[in-house]
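Visitor: My questions concern the predicted model and sequence given below.
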Amino acid sequence: MYHEVASVAAPGFAKYTVSPDSFRKQMRWLSRAGYQALNLDDLVGSPRSLPSKPVVITFDDGFASCIEHTLPVLTDRAFPAIFYLVAGLIGGRSEWLMAERGFDLPIVDWPAVRALTTAGFLCGSHATTHPHLDHTRPEQCRWELTEARRVLEAEIGSAVVHLAYPFGGFNEGVRAMAAEAGYVTATTVEPRLSDASEDLLALPRLPITGSCSLVDFISLVRKGQTVRQRLHSLRGRFSLRR
């Protein structure tokens, strides 16, 4: 799970900003280590015939600079990916960041979105205005989910059946409305590896942050934890055995 990929992080957004050089090195390692990137349609369509090292690469929010920096790298590696877009803010700015953090970033415009799909990348929904869906009224939540699909599908001319819950906020009611709205998968921000038993409307993801070293990235992909997290877990187990 990526958010922003940019040479310079906006103040207060360093945690969510990966440098283009780090992203390039991470994709190079995935390729050399034999990982096969899948899009979510592949995952849903043939879950029993996955390659030995499958990985799904996801991007939240649709920041213009993120798409600018990642597309050449992904294309060069022939890696598919999915970009979750805030349907009501395409071509504008990240209004939710202004409300939450006091700054905003430019969002990709519709010509660039259509270029994504032409290049073979998936576009998913990140709702219409990027709210905390689990804190909105049911009627508003339902509109956020259905309107996002309507707008995206009208603009790109293909079905949009994959959702990322904004802020990772969901509950059973939100999950049920996502299913009702026609979404086939939905991703969360629960930080762990997935397996074949996952609920497709509550898929976990591993967050790749701005402070994530290549060693940490490798550890996350292989074990689901950074090196520091793994050491902390080992210390805890050792303490319990004493």
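Guide: Great, that's in hand.
Visitor: Tell me which residues of the longest helix seen in the chain come out buried.
Guide: Scanning the chain for the longest helix, with DSSP state H as the assignment, gives helix 138-156. Burial within helix 138-156, assessed by neighbour count using 16 or more other C-beta atoms under 10 Å, is assigned to 141-149, 151-153, 155-156. Glycine gets a C-beta too; all of them are placed from N, C-alpha and C.
Visitor: Give me the contacts around that helix.
Guide: 85-88, 90, 110, 113-114, 117, 123, 125-129, 131, 133, 136, 159-160, 163, 173-174, 177-178, 180-183 (C-beta atoms under 8 Å, 6 or more residues apart in numbering).
Visitor: pLDDT of it, averaged?
Guide: Here helix 138-156 scores 98 as its mean pLDDT.
Visitor: what's near enough to touch S7?
Guide: By C-beta under 8 Å, 6+ apart, the neighbours of S7 are 19-20, 69.
Visitor: Same list, these, but as CSV with secondary structure please.
Guide: CSV is the format used below for the contacts of S7 (DSSP: H, G, I helix; E, B strand; the rest coil):
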residue, secondary structure
S19, coil
P20, helix
H69, helix
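Visitor: which of the residues you listed tops the neighbour count?
Guide: Neighbour counts for these (other C-beta atoms under 10 Å) peak at H69, which has 20 neighbours.
Visitor: which residues touch that one?
Guide: Listed by C-beta under 8 Å, 6+ apart, the contact set of H69 reads 5-7, 20, 23.
Visitor: Over to L206?
Guide: Counted by C-beta under 8 Å, 6+ apart, L206 has contacts 1, 191-193, 220-221, 224.
Visitor: List the contacts of the residue nearest to L74 when sequence neighbours are not counted.
Guide: Sequence neighbours aside, A81 is the residue nearest to L74 in space, at 5.5 Å (criterion: C-beta to C-beta, 6 or more residues apart in numbering). Contact analysis of A81 by C-beta under 8 Å, 6+ apart lists 37, 39, 56-59, 70, 74, 121-122.
Visitor: how about the strands in the protein?
Guide: 4-5, 17-18, 36-38, 54-56, 58-61, 82-85, 122-125, 162-164, 185-187 (DSSP state E).
Visitor: Tell me which of those approaches Q229 most closely.
Guide: Proximity to Q229 (C-beta to C-beta) singles out strand 17-18 among the strands of the chain, at 18.2 Å.
Visitor: The closest one pairs with which strands, parallel or anti?
Guide: strand 4-5 (parallel) (DSSP bridges).
Visitor: what mean pLDDT would you report for the partner strand?
Guide: On average, strand 4-5 scores 98.
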